[in-house]
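Asks: how would this look folded up:
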Amino acid sequence: MWGQNFDENWTEHFSYLNIKKVVRADSKFYAASENALFFFDPLTNQLSTITTINGLSGELISTLHYSSDYQLLLIGYENGLIEIYTESDQEILKVVDIINKVTIPSSKKKINHFNELNSLVYIATDYGISVYDLEGLEFGDSYYIGANGSQIQVNQSAIFNNEIYAACSSNSGIKKADLANSNLTDFQLWSSLSAGNFKAVTVFGSGLYATNSTNTLFEINGTTLTNLFNYPQPVAELNASNNTLLVTTDSKVYQYDAGFNLMNMYSTAPEFDTRFTTALKIDAVVYIGTIDYGVIRPDPLSLAGFEEIHPKGPLKNSVFSLSYGYGNLWVSYGDYSIFFNPSPSRNYGVSNYVNERWFNTTYDSIQQATGTTISNLNTISINPLKPSQVYISSFADGLLDFEKEESITLLDDSNSSLESLVLPSNPNYKSIRISGSTFDRDGNLWVLNSKVDNALKKLNPTSSSWTSYDFSAIISDPLSEELGFSEVVVGPDQTKWIGSYSKGLIGFNESGMLLKNISDEDIANLPTTSIKSLALDKNNVLWIGTYRGLRVLYNTSNFFTENAVRTQPIIILEDGLPKELLAQQFITDIIVDGANNKWISTADAGVFYLSSSGQNTIYQFTKDNSPLPSNGVNDMALDSDNGVIYFGTNRGLVAFNTGGSSTSTSLEDIYVYPNPVRPGFNMSEDKIKIKNISENVNIKITDVEGNLVAEAQSNVNLRYKGYNLEIDGGTAYWNGKNLANNTVASGVYVVLFSDFDTFETKVSKIMIIR
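Replies: Residues are numbered from 1 along each chain as shown. Got it, this is the predicted structure:
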């Protein structure tokens with residue numbers, strides 16, 4: 001099965017800082033991060049990536065191997081998948097035999113190491129060893145070499161003097177067998193050299209060497225293991241090439257020559273406070289994989305002593321929250337559980353993507369700027385009156401006032417109205433749990449403060465004044481009754497809609513101090529009290545994402561006055577039978593686009609793109625049919641100006657170019673492209689695009705004689721409905737066909753625009769050359 005390439009409409013934004021493995025490929029090297037690859041050529045400094053966009057699975061990578069003979073890169077995964085990247089045509093073959101093997105428990109399928117001899121690759125796994133033929137691209141035998149032929153973890157294999165050696169865990173030590181024997185599937189043909197848990201075994205020069213869990217390097221001579229060195233830290237890897245052996249430990253890489261003279265020792269430094277994972281040598285240069293800085297190499301001209309090598313990207317792949325506005329994408333990784341538990345603390349920084357460049361602010365730099373520990377950073381809100389300023393919620397320590405390239409200030413109970421929960425048994429305990437936040441149209445920031453009476457706070461950033469709002473009328477004991485709040489959105493009437501864990505949907509309007517919640521299943525028709533996401537569409541309809549499905553509140557204006565407020569599911573027909581849309585799905589986020597369509601992300605089913613009513617599914621993206629690295633999509637963000645939507649998953653960030661855009665306030669900046677339309681352009685597939693149209697417009701296309709060719713109206717001729725001329729928010733698409741569904745002839749066509757709300761008109765022209 002070959003991987004699919006998605007580079008036409010998708011872009012990747014993976015983190016390449018946590019390196020699992022580096023392997024040499026002739027004069028260059030490949031490096032594996034958690035679920036993506038990059039290769040680097042030291043001679044040219046060329047740096048390229050291989051990701052889910054190119055057909056990788058997005059699963060967690062465990063090891064790599066490069067075959068110089070076949071020019072193939074073998075990629076092993078923790079779940080047993082193997083992918084083979086062919087350099088010649090840049091295609092990816094998925095080998096699913098191990099992952100589909102029902103006799104091997106899923107917990108024992110991890111690929112630990114590849115060892116190539118001639119055309120055969122010996123694959124060390126958590127169940128034993130399997131043999132794969134690179135010539136025929138097919139599997140041979142598998143060796144289960146535990147007691148009585150049981151499955152045991154083999155971490156690495158080596159071939160020495162026509163014998164195969166296996167470094168085993170489970171106190172199984174080093175096992176070996178004669179390769180001349182044609183029946184190595186018989187476990188009795190494998191002998192044990194020693195007990196213990198061995199991590200690695202490798203051939204170096206004319207000898208064989210291994211390391212175990214006591215951090216000891218042994219030389220293997222026949223059946224004898226001789227202790228050579230003991231290391232103060234766990235050994236992560238042995239890598240032998242030419243006349244050099246590299247021993248990688250957590251904080252040091254030891255470089256030995258053929259006589260085991262220590263030639264160099266590379267150590268972590270204050271500027272590179274990290275953990276080493278893997279190392280290799282190309283020519284005279286040692287390249288070291290780290291968990292925080294990608295691949296590093298010694299740099300005598302740098303004060304830090306190392307140079308970083310990795311593609312630019314965010315800090316981490318485990319994305320918790322996204323926010324987009326004013327050309328900036330912000331990413332946080334702080335996290336708290338679905339039960340609003342901030343433990344264990346997540347001490348991570350934040351990332352900012354602007355003008356196609358990534359800028360990362362590490363946790364250490366935030367700590368240094370504020371002089372204190374700040375954990376569990378989550379929601380990020382961009383100040384509309386000052387886009388360089390963002391407010392970042394901490395579900396433990398308060399709120400960060402973050403001004404790009406200027407300052408980072410912590411707002412807590414000492415300098416703001418934010419409050420810590422109070423434990424009667426431990427009155428000195430402090431935990432200021434801030435989650436959802438948003439700005440209103442007047443530039444006020446609204447934030448949610450969990451486990452206190454005054455659960456809703458308002459900050460005026462200009463005056464730095466705070467206002468607190470008491471929720472005790474609906475939450476009498478905030479410490480025990482409510483675990484936390486997920487999201488706050490502001491309606492056109494300034495009603496604040498709030499999602500909670502225990503109290504369902506909360507509505508608050510400071511005009512009249514109106515406060516109300518709905519939470520039950522019988523009256524409110526909510527499938528659960530726990531609400532994760534909220535979104536108001538262009539008709540002021542509230543879309544509610546819960547832990548167990550989707551609900552819609554159509555009449556938001558009567559929320560405070562109606563006695564029995566009832567939400568509704570979306571009922572669709574599937575095979576002629578009525579069915580609730582997204583029933584029992586954990587809805588993580590909802591976004592409304594320029595066409596009033598809905599993007600809905602889920603915890604385990606990927607992303608759905610629905611029509612404005614929800615009755616039609618336009619797209620469903622999963623890891624199987626798209627570059628999503630995981631079906632667990634934690635958050636989304638929409639760049640409405642450019643029609644790009646970002647998906648933040650627990651395994652990385654990717655973006656999809658929808659082609660749509662937000663509407664304009666006038667028809668002044670309308671433009672058509674391509675224009676002229678030349679013969680090589682596929683009008684039927686790629687469409688002629690008309691950008692920057694207003695929200696409620698009629699578009700007519702005529703020939704120069706005034707004959708109507710095509711017509712569309714906002715909110716009527718919607719995209720994906722099969723119209724020749726269709727409208728998606730601020731962009732119209734024409735497939736070059738007339739009312740008779742025939743492709744038009746060469747010539748000049750007149751485009752007439754009429755705005756229904758402002759009565760503004762506009763005329764444009766398109767030249768088509770066939």
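
Asks: give me the neighbour count for residue 312.
Replies: Using other Cβ atoms under 10 Å, residue 312 has 15 other residues around it. C-betas here are computed from N, CA, C, even on glycine.

Asks: ignore what I typed, I meant residue 27.
Replies: Neighbours of residue 27 under the rule other Cβ under 10 Å: 11.

Asks: so what pLDDT did the residue lying closest to it once chain neighbours are set aside get?
Replies: Leaving aside its sequence neighbours, residue 27 sits nearest to residue 43 (Cβ to Cβ, 6 or more residues apart in numbering; 6.1 Å). We have a pLDDT of 95 for residue 43.

Asks: so where's the protein shaky on pLDDT?
Replies: The chain contains residues with pLDDT under 70 at 1-7, 300-304.

Asks: report the central residue of it.
Replies: Residue closest to the mean C-alpha point of the chain, counted by Cα atoms, centre = their mean, is residue 652 at 2.1 Å.

Asks: contacts only, for that residue.
Replies: Going by Cβ atoms under 8 Å, 6 or more residues apart in numbering, residue 652 touches 12-15, 34-36, 52, 58, 317, 319, 629-630.

Asks: can I get those residues in a markdown table with neighbour count?
Replies: Formatted as a markdown table, the contacts of residue 652 follow (neighbours: other Cβ atoms under 10 Å):
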| residue | neighbour count |
| --- | --- |
| 12 | 23 |
| 13 | 23 |
| 14 | 27 |
| 15 | 27 |
| 34 | 23 |
| 35 | 25 |
| 36 | 26 |
| 52 | 26 |
| 58 | 25 |
| 317 | 27 |
| 319 | 26 |
| 629 | 28 |
| 630 | 22 |
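
Asks: just the residues you listed now: which is nearest residue 681?
Replies: Residue 681 has its nearest neighbour among these in residue 12, at 27.3 Å by Cβ to Cβ.

Asks: render the CA-only coordinates of the helix or strand encompassing the closest one in CSV, please.
Replies: Residue 12 is part of strand 10-13 when elements are defined by DSSP states H and E. C-alpha atoms of strand 10-13 as CSV (Å, rounded to 0.1, in the frame of the first residue of the first chain):
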residue,chain,number,x,y,z
TRP,A,10,-2.3,21.0,2.8
THR,A,11,0.8,22.4,4.7
GLU,A,12,2.5,20.9,7.7
HIS,A,13,3.8,22.6,10.9
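
Asks: for the lengthiest helix in the chain, output the C-alpha coordinates as CSV.
Replies: Counting residues, the longest helix found in the chain (DSSP state H) is helix 363-370. Written as CSV, here are the backbone C-alpha positions of helix 363-370 (Å, rounded to 0.1, in the frame of the first residue of the first chain):
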residue,chain,number,x,y,z
TYR,A,363,9.1,27.9,29.2
ASP,A,364,12.5,28.9,30.6
SER,A,365,12.3,32.4,29.0
ILE,A,366,8.8,32.9,30.4
GLN,A,367,10.0,31.9,33.8
GLN,A,368,13.0,34.2,33.6
ALA,A,369,10.8,37.1,32.5
THR,A,370,8.3,36.7,35.3
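
Asks: and the next helix or strand past the strand holding residue 12?
Replies: strand 21-25.

Asks: for the closest residue to residue 325 other than its chain neighbours, what are its contacts?
Replies: Leaving aside its sequence neighbours, residue 325 sits nearest to residue 382 (Cβ to Cβ, 6+ apart; 4.2 Å). Counting by Cβ under 8 Å, 6+ apart, residue 382 makes contact with 323, 325-326, 328, 330, 389-390, 439.

Asks: just to check, residue 92 is in contact with residue 55?
Replies: Yes - if you go by Cβ atoms under 8 Å, residue 92 and residue 55 touch, sitting 4.1 Å apart.

Asks: circling back to that earlier point, any quick ChimeraX command for the buried ones out of the contacts of residue 382?
Replies: The buried residues among the contacts of residue 382 can be selected in ChimeraX (16 or more other Cβ atoms under 10 Å) with this line:
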select :323,325,328,330,389,390,439
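
Asks: which residues outside the longest helix of the chain are in contact with it?
Replies: Under the criterion Cβ under 8 Å, 6+ apart, residues 347-350, 373-374, 400, 407-410 lie in contact with helix 363-370.

Asks: how many other residues sit next to the nearest residue to residue 412 once chain neighbours are set aside?
Replies: Spatial nearest neighbour of residue 412, chain neighbours left out: residue 398 (3.6 Å); criterion: Cβ to Cβ, 6+ apart. When neighbours are counted by other Cβ under 10 Å, residue 398 registers 29.

Asks: quick one: contacts for residue 398?
Replies: When contacts are counted by Cβ under 8 Å, 6+ apart, residue 398 touches 374, 410-413, 416, 418, 432, 434.

Asks: hang on, residue 600 is in a strand, isn't it?
Replies: Yes - using DSSP: H, G, I helix; E, B strand; the rest coil, the assignment for residue 600 is a strand.

Asks: if I look at it, how far off is residue 736?
Replies: Plainly put, residue 600 is 33 Å away from residue 736 if you go by Cβ to Cβ, to the nearest Å.

Asks: still on that earlier bit, flag every buried residue along the following helix or strand past the longest helix of the chain.
Replies: Scanning forward in sequence from helix 363-370 by DSSP H and E, the next helix or strand is strand 377-382. By neighbour count on 16+ other Cβ under 10 Å, the buried set for strand 377-382 is 377-382.

Asks: check stretch 366-374 too.
Replies: Buried positions in stretch 366-374, judged by neighbour count with 16+ other Cβ under 10 Å: 366-367, 369-370, 374.

Asks: thinking again about what came up before, who has more neighbours out of residue 600 and residue 736?
Replies: Between residue 600 and residue 736, counted using other Cβ under 10 Å, residue 600 has the larger neighbour count: 28 against 24.
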